[in-house]
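Trainee: The sequence isn't on hand, but the structure is:
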């Protein structure tokens, strides 16, 4: 079986799922003729035609708003926000309408919308093309958020998201688009359930909770710690950010007694705070050390390459943080 | 998520109970507020009701099991709910989903469920067992829990920095952390140190056992003609033992004694007691008079009706007066709530009712909680003087004794008068000697001239 990239996995699932369900349609900036700025949607216009692959004006509020109406009349919209950084003009549609509609209409209207958002730094994108803004939506009941970190989960979670009756924000990591490759099983075999974290590496000494590109950084740090310090890190790939899979996290932390959370987004108000709070609440009597967060800085995302390298947690920073928690 | 039926608070003096009869079987329908199971303590019996209707999905604690406050007795599921199911979409709130699988472990309960008397029980084993269980609902019911006792016995020095996990282990195994060598940063005792210690010295794993309560004398050896019978303490006996010893350790007990001429009160009571019994159906004793006189004195000396809380003094601006009652099971102190708002007749009725309930073991938690001052009568059995122990967190207790005819000097003449010695034990941390003596004198004065009770109490 040939290995494919993360972005190829996304493209393949879009092809497969759109072929299976003719109520699906894709809308976004440059998704049609151009095939997406990252080429995630290449070939779709040719296969499904301009009625189902729609090049939109540069207006995220229009994209999201149109999807609300389309969902109400029975469609399964697949909007693409060109960069996660651009989702804010559609904040109202996402939060007030897409997330609330089923509640507001007492279950009459589902919003089976999958909002794909390329996110994350490490690509030299500067302030408007590098953000990790998942935390802005953590406080929005009604939304589901997934953030695949592997090729298989990129395919598997996209398939589950498209089929879900819930609105799902699908955070696809730009840094991972072409930097990782894996074999992808055919069709249904590549399905990842929403709401389940994955233990990406087993260990007994300390639990590291992460997602996205940071999973790969953390796994490298874990390998280094095992080799240099004999510290065995259990690495949990969250995969779904909302709702968080706390049973998996808490089971691990109760066993290791130590927890570290790694994410790119700024520390303050990041989802690491929520995870730390629940760990403190549920695992207090099992803890051997305070919960540590290793995060981006409380600044806007820098453009200069040297600053970007410092801003994003790297293997050195993550290994040092985990070591400090493991040896406290 | 299924509703957990938990052991409700049994009151500060009752850490555990015995599961009585289950009024519902597994699979039975349960209405909201319907009684599901009975709990028995040596003090009271109570019914636990369901907060929410549904089906009794699981009984976790069978009849006869000893349970601690907060323990889960069983589960009530609503239609379509599966016990232990963790589908994230159904339980979208992660807060709700999380504890179903992990809470027991996370809060360390599986450790605390080990009976305190079995130090050899392996916590790690219990933990692995819990981890292996996908559905906590299927966990085998654990045995008795005595978190309070375990906590009382561990030694965790206040100035020692230790992690929550280490503290929990110390409590579970009643360890003295002073004796464990720390290998962590700055010599800190780590979880690994505790586990290593337990592994090496399982026999000594209980060195800290109840330093304050266990008699320090060595276990006596009995000869062949010295027959002994060893019986386990009932839970009420254990409660009394803990609370009495606690109070003695905590409060600075002083007892002051004063004598009271009961002549006028005896005469008054003799005059009206027959009518009273005929009218109300219960006897008029001296207790309502003494309670009324005490309340008048408490008003004047509010520190006697107060408690110490940390560095604060809590002055109670209400008067809940406890009355110690002897029952076959042991001492129990029901409380006359807001005794100051009650008439003498109402107080007499309430005392009669509480005493009856105490003897029949029908007191509720409500009946025995919240006292601010206590009366204890040792006179019924003949004592002329005693030095009672204060019921914490109150600051005084009034010992009532036998009324004895004594020759006393009155206006230069020796006369025979019905006299009583009152013994007031007070907590000298809060109440100074002078006000304590004045307080007791005030009670005596009011009882010596009972007509003043009409005006002042």
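Mentor: Arrived safely. Keep in mind the model is a prediction, meaning the values are calculated, not measured.
Trainee: residues making contact with stretch A:58-70?
Mentor: A:25, A:27-29, A:56, A:75, A:77, A:79-81, A:86-90, A:92-94, A:97-98, A:101, A:111, A:113, A:115 (CB atoms under 8 Å, 6 or more residues apart in numbering or on different chains). C-beta: built from backbone N, CA, C; applies to glycine.
Trainee: Identify, by residue count, the longest helix of the chain.
Mentor: With no chain named, the answer covers chain A. Longest helix in chain A by number of residues (criterion: DSSP state H): helix A:213-229.
Trainee: Let me rephrase: I mean chain B.
Mentor: helix B:263-280.
Trainee: buried set for that one?
Mentor: B:263, B:265, B:266, B:268, B:269, B:276 (16 or more other CB atoms under 10 Å in any protein chain shown).
Trainee: wait, doesn't residue A:36 sit right on residue A:83?
Mentor: No. Assessed by CB atoms under 8 Å, residue A:36 is found out of contact with residue A:83, at 11.4 Å.
Trainee: hey, which helix or strand in the chain has the poorest pLDDT?
Mentor: Since you didn't name a chain, this refers to chain A. helix A:305-311 (a mean of 93; mean pLDDT, DSSP states H and E).
Trainee: nope, chain B
Mentor: One helix or strand of chain B scores below all others by mean pLDDT, DSSP H and E: helix B:94-106, with a mean of 35.
Trainee: Residue B:414 contacts residue B:408, correct?
Mentor: Yes. Applying CB under 8 Å, one finds residue B:414 in contact with residue B:408, separated by 7.2 Å.
Trainee: And the two? Which one has more around it.
Mentor: Counted by other CB atoms under 10 Å in any protein chain shown, residue B:414 and residue B:408 do not tie: residue B:408 has more neighbours, with 15 against 8.
Trainee: Might you report the residue contacts of the more buried one?
Mentor: With contacts defined as CB under 8 Å, 6+ apart, residue B:408 is in contact with B:261, B:414, B:415, B:416, B:417, B:419.
Trainee: Could you do residue A:84 as well?
Mentor: A:117, A:118, A:119, A:120, A:131, A:132, A:133, A:171 are the contacts of residue A:84 under CB under 8 Å, 6+ apart.
Trainee: ditto for residue A:240
Mentor: Going by CB under 8 Å, 6+ apart, residue A:240 touches A:144, A:145, A:146, A:147, A:157, A:194, A:195, A:196, A:197, B:88.
Trainee: Quick check on it: phi, psi?
Mentor: Taking degrees, to the nearest 10, you get phi -100, psi 130 for the backbone angles of residue A:240.
Trainee: Specify the beta-bridge partners of it.
Mentor: On the basis of DSSP bridges, residue A:240 is bridged to residue A:146.
Trainee: From residue A:199, how far off is it?
Mentor: As judged by CB to CB, to the nearest Å, residue A:240 and residue A:199 stand 14 Å apart.
Trainee: Which pLDDT does the model give the spatially most central residue of chain A?
Mentor: The centroid of chain A falls nearest to residue A:147 when counting by CA atoms, centre = their mean (1.7 Å). For residue A:147, the model assigns a pLDDT of 98.
Trainee: likewise residue B:26?
Mentor: At residue B:26, the pLDDT value in this model is 87.
Trainee: Need phi/psi at it.
Mentor: Torsion angles at residue B:26 (phi, psi; degrees, to the nearest 10) stand at phi -60, psi 130.
Trainee: what do you get for the one 3 residues further on?
Mentor: Its backbone dihedrals place residue B:29 at phi -80, psi 140, with angles given as degrees, to the nearest 10.
Trainee: can you check residue A:291 too?
Mentor: phi -70, psi 130.
Trainee: can you pull out the helices in chain A?
Mentor: A:6-20, A:44-48, A:60-72, A:91-92, A:101-104, A:151-163, A:213-229, A:246-256, A:271-283, A:305-311, A:315-326.
Trainee: What average pLDDT does the fourth one get?
Mentor: By that I understand helix A:91-92. The predicted model gives helix A:91-92 an average pLDDT of 96.
Trainee: And for that helix, what's in contact with it?
Mentor: A:61, A:136.
Trainee: for the chain, what's the longest strand?
Mentor: No chain specified, so I'll use chain A. Counting by DSSP state E, the longest strand found in chain A is strand A:259-266.
Trainee: meant chain B actually
Mentor: strand B:413-427.
Trainee: Report the rounded mean pLDDT for that strand.
Mentor: pLDDT averaged over strand B:413-427 gives 96.
Trainee: ok, then the element right after it?
Mentor: Per DSSP states H and E, the first helix or strand lying C-terminal to strand B:413-427 is helix B:433-448.
Trainee: how near is the residue of chain B positioned farthest from its centre to chain A?
Mentor: The outermost residue of chain B relative to its centre, with distances by CA atoms, centre = their mean, is residue B:412 at 50.1 Å. According to CB to the nearest CB, to the nearest Å, residue B:412 stands 73 Å off from chain A.
Trainee: do residue B:9 as well
Mentor: Residue B:9 sits 21 Å away from chain A, going by CB to the nearest CB.
Trainee: returning to that earlier point: now, the contacts of residue A:84 that are in strands?
Mentor: Per DSSP E, the subset of those in strands is A:117, A:118, A:119, A:171.
Trainee: What is the most widely separated pair among those?
Mentor: Maximum pairwise distance among those (CB to CB): 8.2 Å, between A:118 and A:171.
Trainee: neighbour-wise, which of the two wins?
Mentor: residue A:118 (27 against 24).
Trainee: Which single one of the ones in strands among the contacts of residue A:84 is nearest to chain B?
Mentor: Nearest to chain B out of the ones in strands among the contacts of residue A:84 is residue A:171 (CB to the nearest CB; 17.6 Å).
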